[in-house]
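K.L.:
could you work out the structure for the sequence below:
(chains A and B)
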There are 2 protein chains.
Amino acid sequence: VTKGKNYLLGIDLGGTNIKIGIVNKKGVCVAKKSIPFGGDKTPSQTITRIVDAVMELIAEKQLSRKLFIGCGIGTPSPIDAKRTKVVNAVNLPGWVNVPIKSDLEKKLGMPVVLENDANVAAYGEKWVGVGKKFHSLVLYTLGTGIGGGIVIDDKLWIGAFGGGAEIGHMIIDINGNVCGCGNKGCIEAEASATAVVREFKKEIASGGNSSLSGKECITAKDICDAAKRGDVVAKRVVSRIAVYLATSIVSIVHIIEPEIVVLSGGLAEAGDILLGPVQQEAKKRIFTPARAKCKIVKGKLGKDAGVIGAAGWALYLLTKNFTE
Amino acid sequence: VTKGKNYLLGIDLGGTNIKIGIVNKKGVCVAKKSIPFGGDKTPSQTITRIVDAVMELIAEKQLSRKLFIGCGIGTPSPIDAKRTKVVNAVNLPGWVNVPIKSDLEKKLGMPVVLENDANVAAYGEKWVGVGKKFHSLVLYTLGTGIGGGIVIDDKLWIGAFGGGAEIGHMIIDINGNVCGCGNKGCIEAEASATAVVREFKKEIASGGNSSLSGKECITAKDICDAAKRGDVVAKRVVSRIAVYLATSIVSIVHIIEPEIVVLSGGLAEAGDILLGPVQQEAKKRIFTPARAKCKIVKGKLGKDAGVIGAAGWALYLLTKNFTE
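P.N.:
Here you go, the predicted model:
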């Protein structure tokens, strides 16, 4: 079926931008473009814009649709167990029960594989990223929220009902901050970019003196940058987040014990100011033999993890002839 | 290789008793016996006693060793990644680097499969217990400590380095009680039988008035029984444990999302006084679709889960010709 076909489409549908990439079978993204998410009145209009952008990109590269094995798309949302539609995406206003798989298949003229965005990012890092040599991997996407993906025996484990790998909603502080999901002390409520900003503001409100005091709009990146410059309040906040993140990694390693834990997403880009303390704290507390053997690292694919992972997961499912 | 062979040996090596069973290919334990663990000077003497007991049991049933596919043994200890030896068992004094697989193979004249006891119990419940109809399962063994086992895609997931599924060392209270492992707030430190007794004693020390006050040696069973009779202090302790257990189940379901979560071990035998509140609390907080679909139940195999599971896991590995 895939004879003579060498390419895949990867689509990363985000609440701000939609990234589209042409990815070859080796996992190299040979062309990409980004279009804004907003502005459409209906999901159907957005899907039409995605298809237009795809066609443009294919034309720009002087390729033909016939050269494509299929398309993978990652969405920041719950999707049905059969992986045919976006059920209800908090981050994508108006997207309720959108049959995106069949819509795209009709319009693109190729098979489409739909999956959660953090799951495909995990698969991307496993396919051609930091997890390339490994068979099991857990990935965190550290952003406004915290997502997760789990690879076991070289393939995604999405849970029995398609809703698993919600690493962000692992509870590590039974008396902790209330999470958007209603539970207390989820790692998302304690160590997301949102939590970084909240904790920083708490410090300032209780009299902490920071170089960022008075700045109107403070982001997690500002706080990480301030911590790097030696800002004491920012350092305290980053240290706290590191301990919470490390604690969740200790749990993940005790439960799943993957070969590698990958941190990706905006907050992971803060680099060593966060990653260093996380690694140190986690390694201190993880049991042997994983303490020495399990790697805790930053992802390698950066913002392309979603596009590459969606393409890779499509390649995996379509060439293994899986029907899920 | 297994032609004409219909039986397996299952051995559950515990710190108090060693249970031995003859299990047929359908998972029925057709004969069993139990011998004490203690009293030997060396592991080698214990292994000799196990072999003697096995031979007796086989003779009593008028069977021949030739009818056995192999033997599975579960031990309450870390074992090496290759599953050949008991590395260092806190619960089995003197057992350090014991090559039990090869020792037993020589003496029993059949292949031996070594695995952690909670892992095989999980496999037992999946093979012929409450998890029979399912492909994914997480099992808790609620005893002095808390162990765990994970079944994914119909087989045990033991972690990349053989040390995974340590459900008891999932951290749910970052500021919680210090666990035997050194971390704080592991579910083992908050909801094991040991924790039940500790919390009860704390309540009494701070003036709680219980029907058990003054009793010298109080067990978790006593406390659960008292709670059933309406003892207010005991009820409060059991409620607390239920919330902690439920919280850990919420996390496990968000991460792994198995079809079924199985509670086994002594504390699970407390029955509805604990299971009811655990189910209620967990179901309230688990995300859809797992909230409605994931089952949370007591195990069915009781104290035989280890023996049956060890036999079943041996059957699985030996007949699939896996070499791990």
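K.L.:
and residue A:148, what pLDDT?
P.N.:
Residue A:148 is assigned a pLDDT of 98 by the prediction.
K.L.:
dump stretch A:154-169 to CSV, restricted to CA.
P.N.:
Output in CSV follows, covering the C-alpha atoms of stretch A:154-169 (Å, rounded to 0.1, in the frame of the first residue of the first chain):
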residue,chain,number,x,y,z
ASP,A,154,7.7,0.9,21.1
LYS,A,155,4.1,2.1,20.8
LEU,A,156,1.8,4.6,22.4
TRP,A,157,-0.2,3.5,25.4
ILE,A,158,-3.3,5.7,25.4
GLY,A,159,-5.2,3.9,28.1
ALA,A,160,-7.9,1.3,27.8
PHE,A,161,-10.5,3.9,26.9
GLY,A,162,-8.3,6.3,25.1
GLY,A,163,-8.0,8.8,27.9
GLY,A,164,-4.8,7.7,29.7
ALA,A,165,-1.4,9.3,29.9
GLU,A,166,-2.9,12.3,31.6
ILE,A,167,0.3,12.8,33.5
GLY,A,168,-0.7,16.3,34.5
HIS,A,169,-3.5,14.9,36.6
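K.L.:
how far out from the middle of the chain is it?
P.N.:
Centroid separation for stretch A:154-169 versus its chain: 13 Å, with CA atoms, centre = their mean, to the nearest Å.
K.L.:
in that stretch, what's buried?
P.N.:
Neighbour-count burial for stretch A:154-169, counted by 16 or more other CB atoms under 10 Å in any protein chain shown, picks out A:155-169. For glycine as for every other residue, the C-beta is placed from the backbone atoms N, C-alpha and C.
K.L.:
same thing with stretch A:270-288?
P.N.:
A:270, A:273-275, A:277-279, A:281-283, A:285-287.
K.L.:
the stretch 101-250 of chain A: strands as residue ranges?
P.N.:
Remark: strands assigned in the stretch 101-250 of chain A by DSSP state E, counting those that start in this stretch are A:112-116, A:137-142, A:146-152, A:155-156.
K.L.:
give me the residues contacting the longest one.
P.N.:
Surrounding strand A:146-152, the residues in contact under the criterion CB atoms under 8 Å, 6 or more residues apart in numbering or on different chains are A:76, A:116-123, A:126, A:131, A:135-141, A:156-158, A:164-168, A:187-188, A:191-192, A:256, A:258, A:265, B:152, B:157, B:255-256.
K.L.:
which strands border that strand, and is each parallel or antiparallel?
P.N.:
strand A:137-142 (antiparallel), strand A:155-156 (antiparallel) (DSSP bridges).
K.L.:
what subset of the contacts of strand A:146-152 is buried?
P.N.:
Judged by 16+ other CB under 10 Å, buried ones among the contacts of strand A:146-152: A:76, A:116-123, A:126, A:131, A:136-141, A:156-158, A:164-168, A:187-188, A:191-192, A:256, A:258, A:265, B:152, B:157, B:255-256.
K.L.:
leaving out the residues flanking it, which one is nearest to residue A:162?
P.N.:
Sequence neighbours aside, residue A:81 is the residue nearest to residue A:162 in space, at 4.0 Å (criterion: CB to CB, 6 or more residues apart in numbering or on different chains).
K.L.:
show me what contacts that neighbour?
P.N.:
Contacts of residue A:81 (CB under 8 Å, 6+ apart): A:161-162, B:289.
K.L.:
who are the packing partners of the longest helix belonging to chain A?
P.N.:
Longest helix in chain A, counting residues (DSSP state H): helix A:232-255. If you count contacts as 3 or more CB pairs under 8 Å, 6 or more residues apart in numbering or on different chains; DSSP states H and E, helix A:232-255 packs onto strand A:137-142, helix A:187-191, helix A:193-205, helix A:220-228, strand A:260-264, helix A:272-285, helix B:232-255.
K.L.:
of those, which is nearest residue A:239?
P.N.:
helix A:272-285 (6.2 Å; CB to CB).
K.L.:
give me the next element, helix or strand, following the closest one.
P.N.:
helix A:290-293 (DSSP states H and E).
K.L.:
near chain B at all, that following helix?
P.N.:
Yes: using CB under 8 Å from any CB of the partner chain, helix A:290-293 reaches chain B at A:290, A:293.
K.L.:
what residues of that helix count as buried?
P.N.:
Buried, per 16+ other CB under 10 Å, within helix A:290-293: A:290-291, A:293.
K.L.:
now pLDDT and distance to residue A:48 too, for the contacts of residue A:81, in a markdown table please.
P.N.:
Listed next are these as a markdown table, based on pLDDT from 0 to 100; distance: CB to CB, whole Å:
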| residue | pLDDT | distance to residue A:48 |
| --- | --- | --- |
| A:161 | 97 | 31 |
| A:162 | 96 | 27 |
| B:289 | 93 | 30 |
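K.L.:
looking at these, spot the one nearest residue B:49.
P.N.:
For the contacts of residue A:81, the nearest to residue B:49 is residue A:161 (46.6 Å; CB to CB).
K.L.:
which residues does that closest one contact?
P.N.:
By CB under 8 Å, 6+ apart, the neighbours of residue A:161 are A:81, B:257, B:259, B:289-290, B:293-294.
K.L.:
next: residue A:15.
P.N.:
So residue A:15 contacts A:37, A:76, A:91-92 (CB under 8 Å, 6+ apart).
K.L.:
can you name the two of these that are farthest apart?
P.N.:
Farthest apart among these by CB to CB are A:37 and A:76. That separation is 10.1 Å.
K.L.:
tell me which residue lies nearest the centroid of chain A.
P.N.:
Compute the mean C-alpha point of chain A, and by CA atoms, centre = their mean the closest residue is residue A:118, 3.3 Å away.
K.L.:
excluding its backbone neighbours, what's nearest it?
P.N.:
Nearest residue to residue A:118, sequence neighbours excluded (CB to CB, 6+ apart): residue A:147, at 3.1 Å.
K.L.:
count the neighbours of that neighbour for me.
P.N.:
The number of residues packed near residue A:147 is 25, by other CB atoms under 10 Å in any protein chain shown.
K.L.:
ok, and the helix or strand in chain A with the lowest average confidence?
P.N.:
Within chain A, no helix or strand scores below strand A:86-88, which has a mean of 91 by mean pLDDT, DSSP states H and E.
K.L.:
next SSE downstream of that one?
P.N.:
Assigned by DSSP H and E, the successor of strand A:86-88 is strand A:96-98.
K.L.:
buried residues, that next one. List them.
P.N.:
residue A:98.
K.L.:
so how far is it off the chain centroid?
P.N.:
21 Å.
K.L.:
likewise stretch A:106-114?
P.N.:
The answer for stretch A:106-114 is 22 Å, by CA atoms, centre = their mean.
K.L.:
which residues touch it?
P.N.:
With CB under 8 Å, 6+ apart, stretch A:106-114 has contacts from A:9, A:47-48, A:51, A:54, A:65, A:68-73, A:75, A:79, A:83-86, A:100-101, A:104-105, A:310, A:313-314, A:317-318.
K.L.:
what about that stretch, average pLDDT?
P.N.:
pLDDT averaged over stretch A:106-114 gives 98.
K.L.:
pLDDT value on the residue in the stretch 1-150 of chain A positioned nearest to chain B, please?
P.N.:
Proximity of the stretch 1-150 of chain A to chain B (CB to the nearest CB) peaks at residue A:136, 4.8 Å away. In this model, residue A:136 is scored at 98, pLDDT.
K.L.:
is it true that it touches residue A:259?
P.N.:
Yes: with contact defined as CB atoms under 8 Å, residue A:136 reaches residue A:259; the gap is 5.1 Å.
K.L.:
which neighbours do these two share?
P.N.:
Both residue A:136 and residue A:259 are in contact with residue B:160, where contact means CB under 8 Å, 6+ apart.
K.L.:
show me what residue A:156 bridges to in the sheet.
P.N.:
residue A:151.
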